[in-house]
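Undergrad: predicted model and sequence below, questions to follow.
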Amino acid sequence: MSVEHPIPPPRVVFSDRARALLRQLRAEHGPLLLHLSGGCCEGSAPMCLRASDFRVGAQDVLLGVIEDCPFYVAAAHYAYVAFSQLGIDVVDGGGDSFSLEAAEGVRFIARSRLFTDAEAQALEASGPAPRGPQAVAAASGADGTCRDTPTGRT
Amino acid sequence: MGNQAQHPDHVDESRLRNRYDNFIGGEWKAPLKGRYFTDKSPIDASTLCEVARSDAGDVERALDAAHAARQGWARTSPAQRAHLLHRIADRIEENLELLARVETRDNGKPIRETLNADVPLAADHFRYFAGCIRAEEGSIGEIDHDTVAYHFKEPMGVVGQIIPWNFPLLMAAWKMAPALAAGNCVVIKPASDTPMSLAVLMDLAGDILPPGVLNVVFGHGSEVGGPLARSPRIAKIAFTGETTTGRQIMQYAAETIIPQTMELGGKSPNIFFADVMDEDDGFLDKALEGFALFAFNKGEVCTCPSRALVQESIFDEFVERAVARVAKIKVGDPLDPATQMGPQCSAGQLEKILGYVDVGKQEGAHCLTGGARAHLGGALENGYFMQPTVFSGNNNMRIFQEEIFGPVLSVTSFKDLDEAIAIGNDTVYGLGAGVWSRNVNNTYRVGRGIQAGRVWTNCYHQYPAHAAFGGYKLSGFGRETHKMILDHYQQTKNLLVSYSTEAAGLF
């Protein structure tokens, strides 16, 4: 007998403007990845990097894949964002950063919405979020292209 | 801090430029691609100047200049290097008001801080390392009667430094002074949010060092910081910033096998024992001020005491008095010497802080004061002002665990010393901490028990040269602002010398 789980919500969602910016950056720089940073200055914000410029670690948690860009967070920081849906948007002005968009005078920012109890249960039922660089392949379609997907369901 | 700040009403600003190029090889050099970005003030979003938007080609030019100067500078006597560092300090002090004003306009920090802390401390760090390098010496080990190990300290060569926007001039001094003192040539990238004070300093003091010894390349992290950090032509990289970029730079350094120092932020606990309220005296007043120090530099400090842990038995009374004090913090134009808190450094920074205030409210934390953007009207309406904000909640909440980098304090209670240490250490970071008590056993045990690089004891937010600063855990590694940082900027050369005239007898 199979147990039916409700579909878990995505851990990260992008505004239209953030998606458009990602597409623009991808056209300019090639394959990208996003990594939610911690710490001071430009920390606690998504960093958008060339995929070839950052080695995803075995403990990094894949929060989702947006516009073909995997979105990771370090395990130590995942412990606290695990219960929030991150809404990624773009703000004008500000932030020196290694994140690629900062050179254009804009910054990705993360806003948060706490998951409802039902959403949290659905996420828990779907199993642990995938970790490490190989998690992207698991989140990809059969044709080898990544599709937008929440983690926890592959 | 603490001294009466003067208001620099009559500062000669004729030396300020509308546009700054890169400072390379002792000269101003336009960026190769001819691009510039606009540096704006967070006070009113007005334009301050244009600054070179450099890229990898400009970094290479700076590295060329640094390498050309490397051997000569390494051979300059420590006395001469110290002399030149003192002259830089002199020049900073002679232009204290101008630099303070520039720093305040560019970063938004109150003029009373830049006049009394940022700029004088920057000068003092040059003086401190000028002194240290005079006293630096290697060692001699007598291995046996005829064999001696000599240890010489040698410069690394050309080093890369990437600094943040929260203390633009002071962070530059923290990093440049020891590197230069130790005989290295420097290529430094200031933050593109706050490039102006270092640009002005190079204008004021760029003639002091031999050309190429100190090179400043302006621009964005991805366009200048990345090429600098991954260059095989640097012998060491120093970075202050956030964790993802810290990791990225360490990955680059793994490719070129060079040492790094990293300072990556914190979530520092400020611990108040019940006995602070044993008397209503000057010490209690000092402790209450210590609570409010989260608002220092608008919370944009890696060591911001952003978690207050207050002993249960005094929680209500102490927090009530402390919050009343926070509510009196004067937010306004940072050029006004009466202003205690200026605007956040950028629009993005303000948005992020407001996002965390929202998270705190969603998590059920209780907002005791503040909790919103500060609307000051007039020209300041365009500035990025935030109300000093205090939440009460528990240490599992995100606002207790994630670095907000703004004037947002999260308060909780503890029962006893062991619980204070446990909550204090329940964080991924370990940069700073504060402990307040009239009982030296409390302060000592907390001080030793907290896993952080610095535990301020009955004080906070003091940054003197000769006290080591750096992190445990995810806050990074390496210790700055103390002579021990010289070891991060020097190689050890061992000469193992035999004075025996006899063959060893092996072959």
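TA: Sure thing, it's come through. Residues are numbered from 1 along each chain as shown, chains lettered A, B, ... in the order given.

Undergrad: list the residues that contact the residue nearest in space to the middle of chain B.
TA: Residue closest to the average C-alpha location in chain B (C-alpha atoms, centre = their mean): residue B:171, at 4.5 Å. By C-beta atoms under 8 Å, 6 or more residues apart in numbering or on different chains, the contact set of residue B:171 is B:163-164, B:240. C-betas here are computed from N, CA, C, even on glycine.

Undergrad: is it true that residue B:395 touches residue B:426?
TA: Yes - proximity of residue B:395 to residue B:426 meets the contact threshold set by C-beta atoms under 8 Å, at 5.5 Å.

Undergrad: what mean pLDDT does stretch B:106-116 get?
TA: Throughout stretch B:106-116, pLDDT has a mean value of 97.

Undergrad: that one near chain A at all?
TA: No - judged by C-beta under 8 Å from any C-beta of the partner chain, stretch B:106-116 stays clear of chain A, getting no closer than 11.5 Å.

Undergrad: low-confidence regions, chain B specifically.
TA: For chain B, the stretches flagged by pLDDT under 70 are B:1-9.

Undergrad: same thing but 80
TA: B:1-10 (pLDDT under 80).

Undergrad: biggest helix in it by residues?
TA: Ranked by residue count under DSSP state H, the longest helix found in chain B is helix B:56-75.

Undergrad: more crowded one of residue B:395 and residue B:426?
TA: The neighbour count for residue B:395 versus residue B:426, taken as other C-beta atoms under 10 Å in any protein chain shown, is higher for residue B:395 (19 against 14).

Undergrad: could you tell me how far the longest helix of chain B lies from the centre of the chain?
TA: Its chain's average C-alpha position is 25 Å from that of helix B:56-75, according to C-alpha atoms, centre = their mean, to the nearest Å.

Undergrad: which helices and strands does that helix pack with?
TA: Other elements packing on helix B:56-75 under the criterion 3 or more C-beta pairs under 8 Å, 6 or more residues apart in numbering or on different chains; DSSP states H and E are strand B:22-24, strand B:147-155, strand B:158-162, strand B:185-189, strand B:214-216, helix B:226-229.

Undergrad: dump the ones you listed into CSV; add mean neighbour count as well.
TA: Shown next, in CSV, are the helices and strands packed on helix B:56-75 (neighbours: other C-beta atoms under 10 Å in any protein chain shown):
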stretch, mean neighbour count
strand B:22-24, 26
strand B:147-155, 15
strand B:158-162, 28
strand B:185-189, 28
strand B:214-216, 28
helix B:226-229, 26
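
Undergrad: re earlier: what's the angle from the longest helix of chain B to strand B:147-155?
TA: Interaxial angle, helix B:56-75 versus strand B:147-155 (axes from the mean of the first three to the mean of the last three C-alpha atoms, to 10 degrees): 140 degrees.

Undergrad: using PDB, list the CA coordinates for helix B:56-75.
TA: Provided in PDB are the C-alpha atoms of helix B:56-75 (Å, rounded to 0.1, in the frame of the first residue of the first chain):
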ATOM      1  CA  ALA B  56      41.700  41.400 -15.400                       C
ATOM      2  CA  GLY B  57      43.900  43.500 -17.700                       C
ATOM      3  CA  ASP B  58      44.200  46.200 -15.000                       C
ATOM      4  CA  VAL B  59      45.000  43.600 -12.400                       C
ATOM      5  CA  GLU B  60      47.800  42.400 -14.600                       C
ATOM      6  CA  ARG B  61      49.200  45.900 -14.900                       C
ATOM      7  CA  ALA B  62      49.100  46.300 -11.100                       C
ATOM      8  CA  LEU B  63      50.800  43.000 -10.700                       C
ATOM      9  CA  ASP B  64      53.500  44.000 -13.300                       C
ATOM     10  CA  ALA B  65      54.100  47.200 -11.200                       C
ATOM     11  CA  ALA B  66      54.200  45.300  -8.000                       C
ATOM     12  CA  HIS B  67      56.600  42.600  -9.300                       C
ATOM     13  CA  ALA B  68      58.900  45.300 -10.700                       C
ATOM     14  CA  ALA B  69      59.100  46.900  -7.200                       C
ATOM     15  CA  ARG B  70      59.200  43.700  -5.300                       C
ATOM     16  CA  GLN B  71      62.900  43.100  -5.000                       C
ATOM     17  CA  GLY B  72      63.800  46.700  -4.100                       C
ATOM     18  CA  TRP B  73      61.200  46.900  -1.400                       C
ATOM     19  CA  ALA B  74      62.100  43.600   0.100                       C
ATOM     20  CA  ARG B  75      65.700  44.900   0.400                       C
END
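
Undergrad: show me what counts as buried in it.
TA: Neighbour counts over helix B:56-75 (16 or more other C-beta atoms under 10 Å in any protein chain shown) mark B:56, B:58-67, B:69-70, B:73-74 as buried.

Undergrad: how far off centre is the helix or strand in which the residue nearest to the centre of chain B is found?
TA: Using DSSP states H and E, residue B:171 maps to helix B:168-181. Centroid separation for helix B:168-181 versus its chain: 10 Å, with C-alpha atoms, centre = their mean.

Undergrad: now that helix - C-alpha only, PDB.
TA: Extracted as PDB, the C-alpha positions of helix B:168-181 are listed here (Å, rounded to 0.1, in the frame of the first residue of the first chain):
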ATOM      1  CA  PRO B 168      36.800  51.100   4.100                       C
ATOM      2  CA  LEU B 169      39.900  53.000   5.200                       C
ATOM      3  CA  LEU B 170      40.400  51.100   8.500                       C
ATOM      4  CA  MET B 171      40.200  47.700   6.800                       C
ATOM      5  CA  ALA B 172      42.700  48.900   4.200                       C
ATOM      6  CA  ALA B 173      45.100  49.900   7.000                       C
ATOM      7  CA  TRP B 174      44.600  46.600   8.800                       C
ATOM      8  CA  LYS B 175      45.700  44.800   5.700                       C
ATOM      9  CA  MET B 176      48.100  47.100   4.000                       C
ATOM     10  CA  ALA B 177      50.200  48.100   7.000                       C
ATOM     11  CA  PRO B 178      51.500  44.700   8.100                       C
ATOM     12  CA  ALA B 179      52.000  43.500   4.500                       C
ATOM     13  CA  LEU B 180      54.000  46.600   3.600                       C
ATOM     14  CA  ALA B 181      55.900  46.600   6.900                       C
END
